[in-house]
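1. With the input below, show me the fold.
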Amino acid sequence: MITVRPGSERGHFDHGWLDTYHTFSFASYHDSRHMGFRSLRVINEDRVKPAEGFGTHAHRDMEILTWVLEGALEHKDSMGNGSIIRPGDIQRMSAGTGVTHSEFNPSREAPVHLLQIWLLPRERGLEPGYEEKRFPPGARHGGLRLIAARDGRDGAVTIHQDADLWTALLEPGESVRHALEPGRYAWLHVARGAVTANGVTLGAGDGAAVSGEKALEVAASASAEILLFDLN
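-> Modelled structure (predicted):
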């Protein structure tokens, strides 16, 4: 079964410096029908204006992934990490017992377009941690590439949850197939472009909850970027 979460129905707020869409309930956006999917709790699509950003704030007991679609994002945190991440960089921050951080658009000219993703950790009270890996376009074109995994295999960042995150860049006519083990679920997010997922049409910003399927086949009808979560 595939249940579509239309991008047009997401929570939306334009704060001037930040234009944001929430796939699931977040902050002042609350919808009891969309509180997350399995361990996946947040997918926020953010566009931050030049020289703006999120001031220092705190998190705990959450696995936070940041994936930049366009532009650059500067990160600083209380663990002493500081970097600028760009498209192809996956950043993982385990908030654990508590961490503070800030995210800022360092450009004076170009906005930054990103996805902020939260997953519930397998247990509370973990030691905070940080990890960052790069996956250039060539590693993602035409096939699924694992970028975050419960065991950190194949060069992916390690997340403290029984979940894997795959991504792909697809040109029109290209397709990928992901097998789902019995008892596993999937969430597909279309970051850009248009695809069909097991025959169901999805556009940019759309999501799809997948359950009871043996596999998910995603075919691009326009140049597309997808994120696929394999969840327990």
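2. How about residues contacting stretch 21-41?
-> Under the contact criterion C-beta atoms under 8 Å, 6 or more residues apart in numbering, stretch 21-41 has outside partners 5, 7, 10-13, 42-45, 62, 117-120, 161-163, 185, 187, 189, 205, 207, 209, 229, 231-232. (Glycine included, C-beta is placed from N, CA and C.)
3. and what of stretch 45-55?
-> Contact with stretch 45-55 is made by 10, 16-21, 23, 73-74, 102-116, 191, 205, as judged by C-beta under 8 Å, 6+ apart.
4. Tell me how many other residues crowd residue 107.
-> When neighbours are defined as other C-beta atoms under 10 Å, residue 107 has 18 of them.
5. Could you do residue 82 as well?
-> Using other C-beta under 10 Å, residue 82 has 11 neighbouring residues.
6. Can you go through the contacts of stretch 21-41 and name the buried ones?
-> Restricting those to buried positions leaves 5, 7, 10-11, 42-45, 62, 117-120, 161-163, 185, 187, 189, 205, 207, 209, 229, 231, with burial counted as 16 or more other C-beta atoms under 10 Å.
7. In helices only, show me the residues you listed.
-> With DSSP state H as the criterion, helices contain none of those.
8. quick one on the thing from earlier: which of the contacts of stretch 45-55 are buried? Put it as a ChimeraX command.
-> Buried members of those, defined by 16+ other C-beta under 10 Å, are picked up in ChimeraX with:
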select :10,18,19,20,21,23,73,74,103,104,105,107,111,112,113,114,115,116,191,205
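9. From residue 173, how far out is residue 142?
-> 10 Å (C-beta to C-beta, to the nearest Å).
10. Ignore what I typed, I meant residue 202.
-> As judged by C-beta to C-beta, residue 202 and residue 173 stand 16 Å apart.
11. Same question for residue 73.
-> Distance from residue 73 to residue 173, counting by C-beta to C-beta: 32 Å.
12. neighbours around residue 97, how many?
-> Neighbours of residue 97 (other C-beta under 10 Å): 12.
13. any idea which helix or strand carries the nearest residue to it once chain neighbours are set aside?
-> Among residues not flanking residue 97 along the chain, residue 125 sits closest, at 5.7 Å (C-beta to C-beta, 6 or more residues apart in numbering). Assigned by DSSP states H and E, residue 125 belongs to no helix or strand.
14. got the contact list for residue 125?
-> With the criterion set at C-beta under 8 Å, 6+ apart, residue 125 makes contact with 61, 96-97.
15. The residue nearest to residue 93 when sequence neighbours are not counted bridge partners, please.
-> With sequence-adjacent residues excluded and distances taken as C-beta to C-beta, 6+ apart, residue 93 is closest to residue 64, at 4.6 Å. Beta-bridge pairing of residue 64 under DSSP bridges involves residue 93, residue 118.
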